[in-house]
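1. After the sequence you'll find the predicted model.
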Amino acid sequence: MEDCLFCKIIKGEIPSTKVYEDDMVYAFNDIEPQAPYHIVIVPKIHISSANELTEENSKYVARIFEVVPKIAKELGFAENGYRVINNCGEDGGQTVKHLHFHLTGGRQFLWPAG
Ligand code: 5GP
Ligand code: ZN
């Protein structure tokens, strides 16, 4: 996708602080962190949102969730816990139209508020 911010980040056309990378996913620090640890994890193919997930591409989501505990352990916040968030579409508050999961840790989040 020509105009996609996260596709450009994956290609290195826009700089990012890489946290993890493999053949299917790329993870980098959020530019506007909402927690002491705030990592954005994206598939290396353009999927615009959770609405576009199918049997064919859901393996990217599986890989992302395999990577979540690896990153949390590596950065040292796994034991205390963390929150994984996907924003989908307008009502979900999605601003970048490339599927991504926020991995946030290092502080306590309250549920349902906070
Ligand atoms: P969304 O609101 O779509 O769920 O999340 C998009 C996230 O991408 C936001 O948390 C925002 O701070 C982050 N973001 C937007 N532009 C950039 C950028 O250029 N670099 C990085 N590292 N993060 C970005
Ligand atoms: Zn993209």
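-> Arrived safely, thanks for sending. Numbers count the residues shown, from 1 in each chain. Ligands and ions are numbered 1, 2, ... in the order given.
2. From Val42, how far out is the nearest residue to Gly81 once chain neighbours are set aside?
-> Once flanking residues are discounted, Gly81 sits nearest to Gly105: 7.1 Å by Cβ to Cβ, 6 or more residues apart in numbering. For every residue, glycine as well, the C-beta is placed using N, CA and C. The gap separating Gly105 from Val42 is 18 Å, by Cβ to Cβ, to the nearest Å.
3. where does this structure dip in pLDDT?
-> 114 (pLDDT under 70).
4. what does it have sitting close to ligand 2?
-> Counting by Cβ under 5 Å from the ion, the residues of the chain lying close to ligand 2 are 1, 4, 6-7, 46, 98.
5. Restricted to strands, list those residues.
-> Among the residues of the chain next to ligand 2, no member falls in strands (DSSP state E).
6. Can you turn the buried part of these into a ChimeraX selection?
-> Buried members of these can be picked out in ChimeraX with the line below, counting by 16 or more other Cβ atoms under 10 Å:
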select :4,6,7,46,98
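7. I'd like the residues of the chain next to ligand 2 as TSV, with distance to ligand 1 appended.
-> Output for the residues of the chain next to ligand 2, formatted as TSV (distance: Cβ to the nearest ligand atom, whole Å):
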residue	distance to ligand 1
Met1	15
Cys4	11
Phe6	8
Cys7	12
His46	14
His98	8
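8. so Ile45 touches Val61, yeah?
-> No. Ile45 is not in contact with Val61 according to Cβ atoms under 8 Å; the separation is 11.7 Å.
9. I appreciate the help and will end here.
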